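Participant: Predicted model and sequence below, questions to follow.
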Amino acid sequence: MSNSTLDRLLSRRSVKLVGAPGPTEADIESALACVVRAPDHAKLRLWRFVLIRQPDIVAVGEKAISIMAAAGKPMTPEKQASTRAWLADLPLLIGLAYQIHHDHPKVPEIEQTLAMGAGVMNFQNAMHAMGFATYWSTGLATFTEDMPEYLGFDTLEQQFVGFLAVGTPKNAVVPAERPDPWSIARRWQAD
Ligand SMILES: Cc1cc2nc3c(=O)[nH]c(=O)nc-3n(C[C@H](O)[C@H](O)[C@H](O)COP(=O)(O)O)c2cc1C
């Protein structure tokens, strides 16, 4: 059976090395519209995306390098060089966070984390459907207080979960190797 939506979902793979052209504001709005269609228990609307363009993307990279050095976990010179090379041509970087609903009576934080992941996945698939590639990274000093604060997140009320790089693949994209679909499922029946 031919189904173009399914074909798009099946051909998505993450691509780290991307460059121009990046998505337009209209493209981004379409992808954000897909984020707000992710499963959302109790209508928390917890997704918080921060859009970063050049030259601010380069500034984020320099900040990540300095944060890691100050934390006593400096990036090696090679890692610094590869980070700078990765970010230099990137047309769009997105800071990803969700609003934490502390002690919510119906939605424990694990569900909030899952809703965030579902929203980001919808964004990734939407970008793929528009011909762009994405790459979710929790590098760039994600799990520090300094990076989310630098991006304007409130670290007590918002959980930062990394960055999404978005653009056009620099190299030919070959299909990713994937497991047999049935290797991740089993049937269950009551006795
Ligand atoms: C929350 C999250 C964080 C990730 N962080 C990193 C990362 O810091 N570095 C990395 O190499 N891959 C990271 N990945 C994996 C890549 O985004 C990507 O999924 C992986 O390269 C496999 O590609 P695929 O999405 O086509 O299966 C992360 C994935 C997720 C879901």
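Facilitator: Perfect, I can see it now.
Participant: When you work out contacts or count neighbours from here on, use the C-alpha atoms and nothing else.
Facilitator: Will do.
Participant: Summarise which helices and strands the stretch of helix or strand L32 belongs to is packed against.
Facilitator: L32 is part of helix 25-35, with elements assigned from DSSP states H and E. Applying 3 or more CA pairs under 8 Å, 6 or more residues apart in numbering; DSSP states H and E, one finds that helix 25-35 contacts helix 109-129.
Participant: continuing past the helix it packs on, what's the next helix or strand?
Facilitator: Taking DSSP H and E, what comes next after helix 109-129 is strand 133-137.
Participant: centre of the chain versus that following strand, how much separation?
Facilitator: 6 Å (CA atoms, centre = their mean, to the nearest Å).
Participant: The nearest residue to V35 once chain neighbours are set aside and D40, how far apart?
Facilitator: Leaving aside its chain neighbours, V35 sits nearest to G119 (4.4 Å; criterion: CA to CA, 6 or more residues apart in numbering). Distance of G119 to D40, given as CA to CA, to the nearest Å: 9 Å.
Participant: neighbour count winner among the two?
Facilitator: G119 (25 against 19; other CA atoms under 10 Å).
Participant: Hmm, the more buried one is touching R45, no?
Facilitator: No. Contact between G119 and R45 fails when scored by CA atoms under 8 Å: they sit 10.0 Å apart.
Participant: Tell me where the model's unsure across the chain.
Facilitator: Applying pLDDT under 70 to the chain flags the ranges 1-2.
Participant: Helices of that one, start to end?
Facilitator: Secondary structure of the chain (DSSP state H): helices located at 4-11, 25-35, 56-70, 77-88, 109-129, 146-150.
Participant: Any idea which of the ones you listed gets closest to the ligand?
Facilitator: Nearest to the ligand among those is helix 109-129; the distance by CA to the nearest ligand atom comes to 7.5 Å.
Participant: Which secondary structure elements does the closest one sit against?
Facilitator: Applying 3+ CA pairs under 8 Å, 6+ apart, we find helix 109-129 packed against helix 4-11, helix 25-35, strand 92-99, strand 133-137.
Participant: Okay, buried residues for the longest one please.
Facilitator: It refers to helix 25-35. For helix 25-35, the neighbour count (16 or more other CA atoms under 10 Å) marks 28, 31-32, 34-35 as buried.
Participant: how far does it sit from the chain's center?
Facilitator: For helix 25-35, the distance to the chain centre is 14 Å (CA atoms, centre = their mean).
Participant: Report the inter-axis angle for it versus helix 109-129.
Facilitator: If you take axes from the mean of the first three to the mean of the last three CA atoms, to 10 degrees, helix 25-35 sits at 140 degrees to helix 109-129.
Participant: send the alpha carbons of helix 25-35 over as PDB?
Facilitator: The C-alpha coordinates for helix 25-35 follow below in PDB (Å, rounded to 0.1, in the frame of the first residue of the first chain):
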ATOM      1  CA  GLU A  25       9.700  31.300   9.900                       C
ATOM      2  CA  ALA A  26       6.600  29.800   8.200                       C
ATOM      3  CA  ASP A  27       8.200  26.400   8.200                       C
ATOM      4  CA  ILE A  28       9.000  26.700  11.900                       C
ATOM      5  CA  GLU A  29       5.500  27.800  12.600                       C
ATOM      6  CA  SER A  30       4.200  24.700  10.800                       C
ATOM      7  CA  ALA A  31       6.500  22.400  12.900                       C
ATOM      8  CA  LEU A  32       5.500  24.200  16.100                       C
ATOM      9  CA  ALA A  33       1.900  23.600  15.200                       C
ATOM     10  CA  CYS A  34       2.800  19.900  15.100                       C
ATOM     11  CA  VAL A  35       4.400  20.100  18.600                       C
END
